[in-house]
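1. how does the following fold in three dimensions:
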Amino acid sequence: MIDDDVVAHICASTGLPPTDAARVVGDVLAYYAEPAEAFVRRRHSQLRSAGLQNPEIFVRIRSELAGRLVAAPELSERQVRRIVYG
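-> Modelled structure (predicted):
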């Protein structure tokens, strides 16, 4: 779901028309909706293609994950309840 206030802010700050701003917001939301597992697999493949070896890749991915927003896993009601009540 794209927030109209965010689109309006992007329009005002960049001069983009609303349709382009909405597309940009949608692209950014899709980027950050990537689950951690998918991010790890994608980055591992990219870094291997760049010639890096696994020990260096794993350190790098851990560092990137620490500073990256990732999609929360989908939780069942039971899992939510266990988080709340232990």
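
2. residue 22 contacts residue 2, doesn't it?
-> Yes - between residue 22 and residue 2 there is a contact at 5.6 Å, judged by Cβ atoms under 8 Å. The C-beta positions use only the backbone N, C-alpha and C, and glycine is treated the same way.

3. so the two - more neighbours on which side?
-> residue 22 (18 against 14; other Cβ atoms under 10 Å).

4. which elements pack onto the helix or strand harbouring the more buried one?
-> For residue 22, the element it lies in under DSSP states H and E is helix 18-32. Helix 18-32 sits against helix 4-14, with contacts defined as 3 or more Cβ pairs under 8 Å, 6 or more residues apart in numbering; DSSP states H and E.

5. what helices or strands is the helix it packs on leaning on?
-> By 3+ Cβ pairs under 8 Å, 6+ apart, helix 4-14 packs against helix 18-32.

6. ok, residues contacting the helix it packs on?
-> Residues from elsewhere that reach helix 18-32 (Cβ atoms under 8 Å, 6 or more residues apart in numbering): 2-3, 6-8, 10-11, 14, 16, 69-71.

7. re the thing from before, shared neighbours of residue 22 and residue 2, which are they?
-> What both residue 22 and residue 2 touch, as defined by Cβ under 8 Å, 6+ apart, is an empty set.

8. the helix holding residue 22 to helix 4-14, inter-axis angle?
-> 110 degrees (axes from the mean of the first three to the mean of the last three Cα atoms, to 10 degrees).
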